Structure formats: structure tokens, C-alpha cells
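Colleague: the sequence isn't on hand, but the structure is:
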């Protein structure tokens, strides 16, 4: 009975390089052609569960914002592929970047790059454990986690009211190397 109610209300499966959402979710993501980071924002309401890299169950309003750099400067990592947002059970057009999209039954995200900054918001109750958070929460909570490669510097510019405009740059060059001159973006770049 519990498994059936979790599937009907919503369940997320997060694995290396991909995510699967069962049940209704509201989501949006940054435009890969104009973004300075790969940003995804997923909102779930009601009873929801998580399995995979994050395990838990919650009741209420839950939101997960994940930010990955376009590429890690100064490292061997090249341009990360653009994630694909697929709703195979929807009769509506493909999801649009920068806009709120609705998936009622199933959403699949492929080629999802690893998130270096994650912000989880909750209004309700939740018990969770995993890479994003280990918490038992009641009420309104906001948690953030940042992950960095070894010997790296990170530039993060994040505003909660405009999350799709987040800037994330990571420099993971040799320890004795000089920081690239354009590592910290100018004000014009962020607009």
C-alpha cells in the first residue's frame, strides 16, 4: 500500500547520469545555449519518495535545485552534454528551457551532469539520507550542499528568486598554476 501511494503521489529515482520521476512534477531548466551553468529545478507536492543517490520520504512541498558547471575550467573535463528532458507519456510538445513545464505521469532526464551545488527546500515533513542531505525535517527548511573536486576553486553566483541565472565556474587546474583571468565573470556576463 505504501509503495502504491508513493508512486501515485510521486517518486524520484536519481542514478549516475540520469533521473526518473514518477507522478506529477513541475520542472524547469536553464537554456543550454544561453546559460553559464546547467540548472534544473523540480517541484513536487503531496507525498513523495526518493531512491538512488538520495533515499527518503516526504509530505508537503518539496523542491530540488541542482547546478552543474558547463565545463570545469583548467581540467581535462570538456563541455558537459546537455541533459534531455523527456516526457514519453505526454501528448504536449517537448519541454521548453526557461519555462515551467508539467509532467503528470513520468519524466526522464538523461545525460544529467553531476551537480556541484544543490539547494533543497521543504515545507512539510521529510526523512531523507544521501548525497544531498541527511535530515529529519518538520516545518520550512532550506538546505544547500556544495561539492568540489580536490584542489579546486569555485565561483558561485546564486539568487533564490532567479535560480536559472545562476553562475557556477570551477577551476581545477594544477596547484601551482595561475588562475585564468576570465574565471570571475564580469557584471555584463551575468546579465
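Modeller: That came in fine, so what should we check first? Because the structure is predicted, anything quoted here is derived from the model rather than measured.
Colleague: and for the nearest residue to residue 127 once chain neighbours are set aside, the neighbour number?
Modeller: Distances taken as C-beta to C-beta, 6 or more residues apart in numbering place residue 136 nearest to residue 127, at 5.1 Å, with adjacent residues excluded. Where C-beta positions appear, they are placed from N, C-alpha and C, glycine not excepted. Other residues within reach of residue 136, judged by other C-beta atoms under 10 Å, total 10.
Colleague: so what are the sheet partners of the one helix or strand residue 136 maps to and their directions?
Modeller: Residue 136 belongs to strand 135-146 when assigned by DSSP states H and E. Under the criterion DSSP bridges, strand 135-146 sits next to strand 117-130 (antiparallel) in its sheet.
Colleague: distance from the strand it pairs with to the middle of the chain?
Modeller: 12 Å (C-alpha atoms, centre = their mean, to the nearest Å).
Colleague: which residues are in contact with it?
Modeller: 50, 52-67, 132-147, 156, 158, 160, 163, 166, 168 (C-beta atoms under 8 Å, 6 or more residues apart in numbering).
Colleague: among the residues you listed, the buried ones, what's the PyMOL command?
Modeller: Here is the PyMOL command that picks out the buried ones among those, judged by 16 or more other C-beta atoms under 10 Å:
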select buried, resi 50+53+54+56+57+58+60+62+63+64+65+66+67+132+133+137+156+158+163+166+168
